[in-house]
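Enquirer: below are the sequence and a predicted model; questions follow.
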Amino acid sequence: MQKLTTVELRPQAGVGLADPVAFPAPAVGSRPATTQSAMPLHHRLTTAVAQLLRAGGRLLSEEADHGRLLLFSPVFLGAGAAYWFLAATDFPLLPSLLCLSVLMLAVLVAGRSRPALRATLMALALVVCGMLCAQLESWRASTVILDSSVTTTVTGRVERREGDDRGRWRYVLAVTGTEAPQVKRPPRRITVIARGADAPFEIGDIITGRARLTPPAGPALPALNDFSFGAYFDGIGANGFFYGAPEKVDSQTGPQPARSTSEALLEWLYQLRSGIGDRIRSILPGDTGAFAAALVTDERRAISKETTEALRQSGLAHIVAISGLNMALSAGIFFVGFRMLLSLVPGVAQAYPTKKIAAAGALVAVTAYFLISGFGVSAERAFIMMAIMLIAVFFDRPSISLRNVVLSALIIIAISPSEVLGPSFQMSFAATLALVSGYQLWKDRRVRENALLKLPVLRPVVAVAGFFGGVFLTSLIGGFSTALFAVEHFHRLTAYGLPANLATMPIISFIVMPAGLLAMLLMPFGLDAPLWKVVGFGLDLVIAVAKTVSGWGGDIGLGRLPAWYFAVAVAGFLLLTLLRTRLRHVGTSIIAVSTLSLLLLPVPRPPDLVISEDGSLVAVVEAAAMASNRERPPDFIFDQWQRALVLPRHDPPRMLDGPAIPPEGEDRRVRLSRDQQNEARSAMRAAAAGADANRFSCVKKAWCTSRLGNGQVVTVIENAAYLGPACDAANIVVTSVRLRFNSCRSGATLFTGETLRRTGSIELRFTDAGLEVATAFDALSRPWMRHRAYDWRSNSFTETGLANVSDSGE
């Protein structure tokens, strides 16, 4: 320690001055000190930014030291796949391979001495790899999609089947032939609904029947989900239904489709899956049996619409899907139960690693569960996650970690990159990321010992509180993490999912899944019926909770999100869940700022008129309702319109008694006489002028017309014979008939079945600059869109070919 001494200072003799106060002399060349507040504003901003950058660099270096940058590898791989799928055209293969080679060479040249450059190059290489994976999957699928609706006689082999709540059966057929007419480009695989059969056909049977086939649906509105995209990668080329009950064809005389070993194995698995579902439904009738079968085989169509809607509105729909919850419970119950059984034998428990043996048994059980589950993406993700966790037990590694999530994501994206754009992949991984990140934060928290909680009397209370606290946090984190994706894909939120999950999770965890697992183990011996009754009791309670909570309301419609918001919010979510330092709060800030901007920015203007992709359904959009040209619009399309535009009320058309002048014989090629045209033209004008604005007036099987609020008139015709009067009486004419021309001589805007086939669904907005048209498709060059450009007359694909021929109906 430095020693301090006191020195007494005395004035010199003869000097009568007071003691001077001495100040240290400034050093030569120094400047006076400047306070922070006296610095110029730009200097202070520069200093603050520099400090933030240095702090961010240190935190980023810490993230890299902990290997967190590796966790972003599936993000870049998936981004490359998504970019390839969302692009307007395919990317050439050779330039992509060359780009990947150059990037990998640059990574080797950069080495470890320049980590930032090396990480950037690796990220770009992963993006290109994602694009190549997407291209490879597209080539591997090569699905032939039916180009237009057709009624034909179909013969095919039953590959899969699933019943619904109305006694109908949905079959997936491998098509072996079509006739009357013979389809020039027949799809290889189709799905068809059959009614009226005394008993369902077995998997492997060859059936035939008269069927109406249609291509997979495109987006119901521009920027909504394109169902033909999913159908292309699922190998489904058409959907339809049989007229009457199909018939079974003798396999000895009927055509036999060629099958590989893998297809035969899949057929056996689907037979096993179907048999298990039938067994469960024979023991538990109604929605209870359908619910139980869905938990095991993922066959959900048999659950009634009422129960399905109740599960969705209450936030319990995730229970039906075979996902992480089902896999984790089944693996955990088997693991714990098997390990307890082994521990009862002292010789085995002392001589062998019972934990690893139990993990191996649980891995076998989870694999069997996955094989009979139907291979859904949520089940695939959950199986890979559980397999990695159980394999980690073999090597004494941590089971629950973000690395396991990342590894499963890399595997799924590499095998099925098209799943990146689907809600199942996004929601399942979002929930898993959030839960694992939350678990790690909880595990790393500071724990304070509390002697009171260790009292034997309070231990049961602490255990119960811990269980419900875990369910509460799990439901809260899972709900918040999937909310963004639920709004993006389904345009709605569930307000009461938390209390519903709190009420049902104990039932699922302690009644349904344990009894269901034991029932599956005893099913080969025929001793499973009592245990399925226990499962049914638990599921009845779950259904009761779902219907009670759904009765509270809480189904909040939010409509379509802007594209920029979804992308930015997802980026913020990934930063929040994948980073471990305070740098993760950058993600929190991104989510908060983007959400605030969304709330403050003006809402995009809704369309004034929407048209379905086949032209059969048209709706006028008002402030609080949609007025359509159908008394009972098809649910599949109209429900999507109502959710996306947040317009729950439907105004049906006003039906007119006449004058209806249908052509004789319902032949669409019959032309109206001049007097009939004049009478129809007058009737259309009178109906548009006399009815309420934004409300259709219709003559059944002939035409519908409506006067919009801005004075424009839109007319929808079901028969091309009324085209001339419609073009003269309206500003916009819509018909589902596929005409050879695409314009009216009167100057009215014309949308036909042929033009809509190429553009998809349409939104119309009336602006000061004129009519603004938004289409679902701009180009038809992608593999899952090209069927829209197929011309069966020339047997070729063409982007143009519509003749600008006018028609006045004469």
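Expert: Now that the structure is in, tell me what you want to look at. Please read these numbers as outputs of a predicted model, since none were measured by experiment. Residues are numbered from 1 along each chain as shown.

Enquirer: next SSE downstream of the biggest helix by length in the chain?
Expert: When secondary structure is assigned using DSSP state H, the longest helix within the chain turns out to be helix 459-490. Later in the chain than helix 459-490, the nearest helix or strand by DSSP states H and E is strand 492-494.

Enquirer: residues contacting that next one, please?
Expert: Contact with strand 492-494 is made by 312-315, 479, 483, 486-487, 554-558, 643, as judged by C-beta atoms under 8 Å, 6 or more residues apart in numbering. All C-beta spots, glycine's among them, are computed from the backbone N, C-alpha and C.

Enquirer: over to stretch 619-634?
Expert: With contacts defined as C-beta under 8 Å, 6+ apart, stretch 619-634 is touched by 606-610, 616-618, 638, 641-642, 645, 647, 649-653, 655, 694-696, 698, 704, 706, 708, 714, 716.

Enquirer: now the helices for the stretch 701-810 of the chain?
Expert: Taking DSSP state H, counting those that start in this stretch to define them, one finds helices in the stretch 701-810 of the chain at 723-729, 753-759.

Enquirer: in JSON lines: these, plus distance to residue 510 and mean pLDDT.
Expert: Shown next, in JSON lines, are the helices of the stretch 701-810 of the chain (distance: least, C-beta to C-beta, whole Å; pLDDT from 0 to 100):
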{"stretch": "helix 723-729", "distance to residue 510": "64", "mean pLDDT": "93"}
{"stretch": "helix 753-759", "distance to residue 510": "54", "mean pLDDT": "93"}
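
Enquirer: tell me which of those helices sits most buried.
Expert: Ranked by mean neighbour count under mean count of other C-beta atoms under 10 Å, the helices of the stretch 701-810 of the chain are led by helix 723-729, which reaches a mean of 25.

Enquirer: so what secondary structure elements neighbour that helix?
Expert: For helix 723-729, the packing partners by 3 or more C-beta pairs under 8 Å, 6 or more residues apart in numbering; DSSP states H and E come out as helix 674-690, strand 703-707, strand 713-717, strand 732-735.

Enquirer: for this protein, what's the longest strand?
Expert: In the chain, ranked by residue count with DSSP state E as the criterion, the top strand is strand 150-163.

Enquirer: picking that back up, which of the helices and strands packed on helix 723-729 sits closest to residue 578?
Expert: With distances scored as C-beta to C-beta, the stretch of the helices and strands packed on helix 723-729 nearest to residue 578 is strand 732-735 (48.1 Å).

Enquirer: list the buried ones in the longest helix of the chain?
Expert: When burial is assessed from 16 or more other C-beta atoms under 10 Å, helix 459-490 yields the following buried residues: 471, 474-479, 481-490.

Enquirer: what packs against it?
Expert: helix 423-443, strand 492-494, helix 497-507, helix 563-578.

Enquirer: dump those into TSV; add mean pLDDT and distance to residue 76 as well.
Expert: TSV is the format used below for the helices and strands packed on helix 459-490 (pLDDT from 0 to 100; distance: least, C-beta to C-beta, whole Å):
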stretch	mean pLDDT	distance to residue 76
helix 423-443	87	15
strand 492-494	87	30
helix 497-507	89	32
helix 563-578	93	11
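
Enquirer: CA atoms of the helix or strand harbouring residue 85 as PDB?
Expert: Under the criterion of DSSP H and E, residue 85 resides in helix 73-86. Provided in PDB are the C-alpha atoms of helix 73-86 (Å, rounded to 0.1, in the frame of the first residue of the first chain):
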ATOM      1  CA  SER A  73     -27.600 -23.900 -42.000                       C
ATOM      2  CA  PRO A  74     -31.200 -25.200 -42.500                       C
ATOM      3  CA  VAL A  75     -32.400 -21.600 -42.800                       C
ATOM      4  CA  PHE A  76     -30.100 -20.900 -45.800                       C
ATOM      5  CA  LEU A  77     -30.900 -24.300 -47.300                       C
ATOM      6  CA  GLY A  78     -34.600 -23.800 -47.000                       C
ATOM      7  CA  ALA A  79     -34.300 -20.200 -48.200                       C
ATOM      8  CA  GLY A  80     -32.700 -21.500 -51.400                       C
ATOM      9  CA  ALA A  81     -35.400 -24.100 -51.900                       C
ATOM     10  CA  ALA A  82     -38.200 -21.500 -51.300                       C
ATOM     11  CA  TYR A  83     -36.500 -19.100 -53.700                       C
ATOM     12  CA  TRP A  84     -36.400 -21.700 -56.400                       C
ATOM     13  CA  PHE A  85     -40.100 -22.700 -55.900                       C
ATOM     14  CA  LEU A  86     -41.300 -19.100 -55.800                       C
END
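
Enquirer: elements contacting it?
Expert: Packed next to helix 73-86, using 3+ C-beta pairs under 8 Å, 6+ apart, are helix 115-141, helix 402-415.

Enquirer: which residues does the shortest one contact?
Expert: Residues outside helix 402-415 that contact it (C-beta under 8 Å, 6+ apart) are 67, 70-71, 73-74, 77-78, 81, 130, 133, 377, 380-381, 384-385, 388-389, 392, 419-420, 425, 429, 432-433, 436-437, 440, 578.

Enquirer: out of these, which are buried?
Expert: When neighbours are counted using 16+ other C-beta under 10 Å, the contacts of helix 402-415 contain these buried positions: 71, 73-74, 77-78, 81, 130, 133, 377, 380-381, 384-385, 388-389, 392, 419-420, 425, 429, 432-433, 436-437, 578.

Enquirer: still on that earlier bit, of all the helices of the stretch 701-810 of the chain, which lies closest to residue 769?
Expert: The minimum distance between residue 769 and the helices of the stretch 701-810 of the chain falls on helix 753-759, with 20.2 Å, by C-beta to C-beta.

Enquirer: what about that closest one, distance to the chain center?
Expert: When C-alpha coordinates are averaged (C-alpha atoms, centre = their mean, to the nearest Å), helix 753-759 and its chain have centres 26 Å apart.

Enquirer: so what does that helix touch, helix or strand wise?
Expert: The contact analysis (3+ C-beta pairs under 8 Å, 6+ apart) places helix 753-759 against no helix or strand.

Enquirer: contacts for that helix?
Expert: Outside of helix 753-759, the residues within contact range by C-beta under 8 Å, 6+ apart are 148, 611-615, 735-740, 742, 762, 775-777, 780, 788-789, 799, 802.

Enquirer: which of those fall in strands?
Expert: Where those overlap with strands, as defined by DSSP E, the overlap consists of 611, 735, 762, 775.

Enquirer: quick one: contacts for the closest residue to the second one other than its chain neighbours?
Expert: Nearest in space to residue 735, with sequence neighbours left out and distances taken as C-beta to C-beta, 6 or more residues apart in numbering, is residue 717 at 4.8 Å. With contacts defined as C-beta under 8 Å, 6+ apart, the neighbours of residue 717 are 702-703, 723, 726, 733-735, 737.

Enquirer: buried among these? Make that a ChimeraX selection.
Expert: The command below creates a ChimeraX selection of those among these that count as buried (16+ other C-beta under 10 Å):
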select :702,703,723,726,733,734,735
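
Enquirer: now, which of the contacts of residue 717 sits nearest residue 240?
Expert: Lowest distance from residue 240 to the contacts of residue 717 (C-beta to C-beta) belongs to residue 737, with 20.3 Å.

Enquirer: ok, now how distant is that closest one from residue 751?
Expert: The gap separating residue 737 from residue 751 is 11 Å, by C-beta to C-beta, to the nearest Å.

Enquirer: go on, residue 465?
Expert: Plainly put, residue 465 is 62 Å away from residue 751 if you go by C-beta to C-beta.

Enquirer: coming back round to it: what pairs with the longest strand of the chain, parallel or antiparallel?
Expert: Partners of strand 150-163 in the sheet, by DSSP bridges, are strand 169-179 (antiparallel), strand 206-214 (antiparallel).

Enquirer: got a list of contacts for the next helix or strand after the shortest one?
Expert: Read that as strand 206-214. Where DSSP H and E defines the elements, the next helix or strand beyond strand 206-214 is helix 227-234. Outside of helix 227-234, the residues within contact range by C-beta under 8 Å, 6+ apart are 85, 137-138, 141, 143, 145, 215-219, 237, 239, 416, 418, 421-422, 783-785, 787.
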